[in-house]
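**Q** Pasting a predicted model and its sequence here:
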Amino acid sequence: MDLDLFTVIFASASALITSVISSYVTFKLNDNGKKRDLVFQEKKEAYTGILEAYTEIAKISTIRDHYDLRSTDEGSKGCSIQDQITAQEDFDYWAIRCKLVGSQEVNEHIELLTDTESNSDERAALKNLYNSMRKDLQVD
């Protein structure tokens with residue numbers, strides 16, 4: 001009879017341990033999935049934000065290249081000095097967000113983009129930035 005009691009206790013303990021381990025593994029897998037989703041969303045938001053801010057700066061630069069922004073008639077040109085400052089502040093904000101959540105490669109390409117002088121260098125830097133973002137987000 002002692003052997004039967006021992007077998008029942010052992011079987012119950014084994015089932016309990018198996019259940020606890022199974023629950024822990026399930027919890028960790030779900031937790032890791034949630035963390036991955038959160039990181040993906042943070043990166044996506046930061047990358048989208050910096051690309052939108054860059055687009056705004058590019059629009060203002062195009063306007064600036066076609067008009068003399070030093071004149072006082074800003075309404076006809078579609079942007080003001082304040083628009084330029086706001087666009088640059090937005091870009092800087094998103095660049096900081098990218099530094100927090102983005103890969104080193106993405107951040108290096110952001111710096112290269114801001115340091116380019118010619119249009120062809122800028123296009124190449126922008127293409128490299130897109131590619132590094134896609135790689136970091138694992139959408140390729």
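**A** Nice, I can see it.

**Q** how far away is Ser61 from Leu100?
**A** If you measure Ser61 against Leu100 using CB to CB, to the nearest Å, the figure is 27 Å. All C-beta atoms are positioned from the backbone trio N, CA, C, and that covers glycine.

**Q** let me fix that: Phe27
**A** Using CB to CB, Phe27 is found at 27 Å from Leu100.

**Q** And Met133, by the same measure?
**A** With distances taken as CB to CB, Met133 is found 15 Å from Leu100.

**Q** Between Ser61 and Leu100, which is the more surrounded one?
**A** For Ser61 versus Leu100, neighbours defined as other CB atoms under 10 Å are more numerous around Ser61 (14 against 10).

**Q** Can you list the helices and strands that the helix or strand containing the more buried one packs against?
**A** In this assignment (DSSP states H and E), Ser61 forms part of helix 2-66. Based on contacts counted as 3 or more CB pairs under 8 Å, 6 or more residues apart in numbering; DSSP states H and E, the elements that helix 2-66 packs against are helix 81-101, helix 104-115, helix 119-137.

**Q** Packing partners of the shortest one?
**A** This means helix 104-115. Applying 3+ CB pairs under 8 Å, 6+ apart, we find helix 104-115 packed against helix 2-66, helix 81-101, helix 119-137.

**Q** Also the first one?
**A** Using 3+ CB pairs under 8 Å, 6+ apart as the contact definition, the elements that helix 81-101 packs against are helix 2-66, helix 104-115.

**Q** distance between the first one and the chain's centre?
**A** Relative to the centre of its chain, helix 2-66 is centred 15 Å away, using CA atoms, centre = their mean, to the nearest Å.

**Q** Good, we can wrap up now.
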